[in-house]
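1. turn this into a model:
(one chain, ligands or ions: 1)
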Amino acid sequence: MMIVSSLDELRAARRLLDGTVGLVPTMGYLHEGHLSLVRLAREECDRVVVSIFVNPTQFGANEDLSKYPRDLERDLKLIDPLGVDLVWNPTPEIMYPPGYQTWVEVKTLTHPLEGAMRPEHFKGVTTVVAKLFNAIQPHKAYFGQKDAQQAAVIRRMVRDLNFPIEMVVCPTVREADGLAMSSRNKYLEGDDRRAATVLFRALSAAKSAHEGGERDAEKLRATMKGVLAAEPKATPQYVSCADYDTLEELEMVQGKSLLSMAVLIGRTRLIDNFVLE
Ligand code: AMP
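-> Numbers count the residues shown, from 1 in each chain. A predicted model of the protein is given here:
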């Protein structure tokens, strides 16, 4: 497994990779969710590249950039046995050298949900992913359904900017009790960890209602809000039942739809979603 940091090293290492290349972009502190993307990339591509970069431009001023968990040594130990060919671990200065002023921005899709709560977030995400795509030139790129809006926004960017890259979106990997795996789960201590299952319980309740024939989106949102309201440690930021592609809030659920939410558990902000087919 080659491990590189500078752009020159990356380019030299990339030239050694023949065949199809799959990229798994991550911010590190890897868990089974990330590893599931790496495993699928390993199955589908001749070569696998993992990027590990805590991207400062996707964090808001009051967010957890400095506290975001980092452990490169542990990450490398986790992915080495999976047959990863190349790890790119650039510094913020390599990604954003002095004088940096170029941004990639997807418009309407970034306005609701996460974008409404975190105004600069997706501009940071699309910019860094475009830079990863340009530098690594993968044939396929692997993302998690866990970050549903991120996947939708990047899919739009890939189409709009003609990146010759196939996007693969992998199912959310969960703990045994339903909590979606996330690097931020590390912040959940004591009773917060138990309370954090409320996102899965709320989504499951709405999914059951949908399976039982409920098509009124407002009722599905109310079902989720009801479950969240019963958990004293949970402060919902948004609860959504939206069109899967446009992310516009629905009145009636007809085609493919997305149930999603952001909830504070104590001071930890968690997101989760279910897709309704
Ligand atoms: P992050 O390191 O949080 O930026 O995540 C890197 C990639 O892993 C993103 O495409 C995420 O959507 C994906 N990911 C994170 N958590 C999970 C999970 N629990 N299941 C599947 N994919 C995930």
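
2. which stretches in this protein count as strands?
-> 2-4, 21-26, 47-52, 86-88, 140-144, 166-170, 234-243, 257-265, 268-276 (DSSP state E).

3. the third one near the ligand anywhere?
-> No. Shown here: strand 47-52 not in contact with the ligand (CB under 6 Å from any ligand atom), separated by at least 8.3 Å. Quick note: C-beta positions are derived from backbone N, CA and C, even for glycine.

4. over to the last one?
-> No. Using CB under 6 Å from any ligand atom, strand 268-276 stays clear of the ligand, coming no nearer than 9.1 Å.

5. chain center to that strand, what's the gap?
-> 10 Å (CA atoms, centre = their mean, to the nearest Å).

6. as CSV, could you dump the C-alpha coordinates of that strand?
-> Coordinates of the C-alpha atoms in strand 268-276 are reproduced here as CSV (Å, rounded to 0.1, in the frame of the first residue of the first chain):
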residue,chain,number,x,y,z
THR,A,268,-23.6,15.8,19.0
ARG,A,269,-25.3,16.4,15.7
LEU,A,270,-26.4,13.2,13.9
ILE,A,271,-28.0,12.7,10.5
ASP,A,272,-29.8,9.6,9.1
ASN,A,273,-32.2,8.6,6.4
PHE,A,274,-34.2,5.8,4.8
VAL,A,275,-35.1,5.5,1.1
LEU,A,276,-38.7,4.7,0.3
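
7. what strands line up against it, and which way round?
-> strand 257-265 (antiparallel) (DSSP bridges).

8. over to the third one?
-> Strands adjacent to strand 47-52 in the sheet, as given by DSSP bridges, are strand 21-26 (parallel), strand 86-88 (parallel).

9. need the ones you listed in CSV (columns: distance to the ligand).
-> Formatted as CSV, those follow (distance: least, CB to the nearest ligand atom, whole Å):
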stretch, distance to the ligand
strand 21-26, 4
strand 86-88, 14
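
10. contact partners for the closest residue in space to residue 240 that isn't next to it in sequence?
-> Nearest residue to residue 240, sequence neighbours excluded (CB to CB, 6 or more residues apart in numbering): residue 260, at 4.9 Å. Residue 260 makes contacts with 113, 148-149, 238-240, 242, 271-274, as judged by CB atoms under 8 Å, 6 or more residues apart in numbering.

11. give me that answer again for 10 Å
-> 112-114, 148-149, 199, 203, 224, 238-242, 247, 271-275 (CB atoms under 10 Å, 6 or more residues apart in numbering).

12. quick check: bridge partners of it?
-> Beta-bridge partners of residue 260, as defined by DSSP bridges: residue 240, residue 273.

13. now swap in residue 24 and tell me
-> residue 50.

14. tell me the contacts of the residue positioned nearest the centre of the chain?
-> Nearest to the mean C-alpha position of the chain, by CA atoms, centre = their mean, lies residue 147 at 3.5 Å. Taking CB under 10 Å, 6+ apart as the contact definition, residue 147 lies against 33, 114, 125, 153-154, 169, 172, 180, 182, 271, 273.

15. need the pLDDT of it.
-> Note on residue 147: pLDDT of 98.

16. swap in the one 4 residues further on?
-> The confidence metric pLDDT takes the value 98 at residue 151.

17. how much space between it and residue 2?
-> 28 Å (CB to CB, to the nearest Å).

18. ok, now residue 262?
-> From residue 262 to residue 2 the distance is 37 Å (CB to CB).

19. how near is residue 201 to residue 37?
-> Applying CB to CB to residue 201 and residue 37 gives a distance of 26 Å.

20. and if you look at residue 79?
-> Distance from residue 79 to residue 37, by CB to CB: 10 Å.

21. and residue 173, by the same measure?
-> Counting by CB to CB - residue 173 and residue 37 are separated by 9 Å.

22. ok, these two, which is more surrounded?
-> Per other CB atoms under 10 Å, whichever of residue 173 and residue 37 has more neighbours is residue 37, with 25 against 18.

23. may I have the residues that are in contact with the more buried one?
-> 22-26, 30, 48, 50, 141-144, 168-170, 173.

24. quick one on the thing from earlier: mind putting the strands of the chain in CSV, mean pLDDT included?
-> Shown next, in CSV, are the strands of the chain (pLDDT from 0 to 100):
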stretch, mean pLDDT
strand 2-4, 98
strand 21-26, 99
strand 47-52, 99
strand 86-88, 99
strand 140-144, 99
strand 166-170, 98
strand 234-243, 98
strand 257-265, 98
strand 268-276, 98
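
25. perfect, I'm done here.
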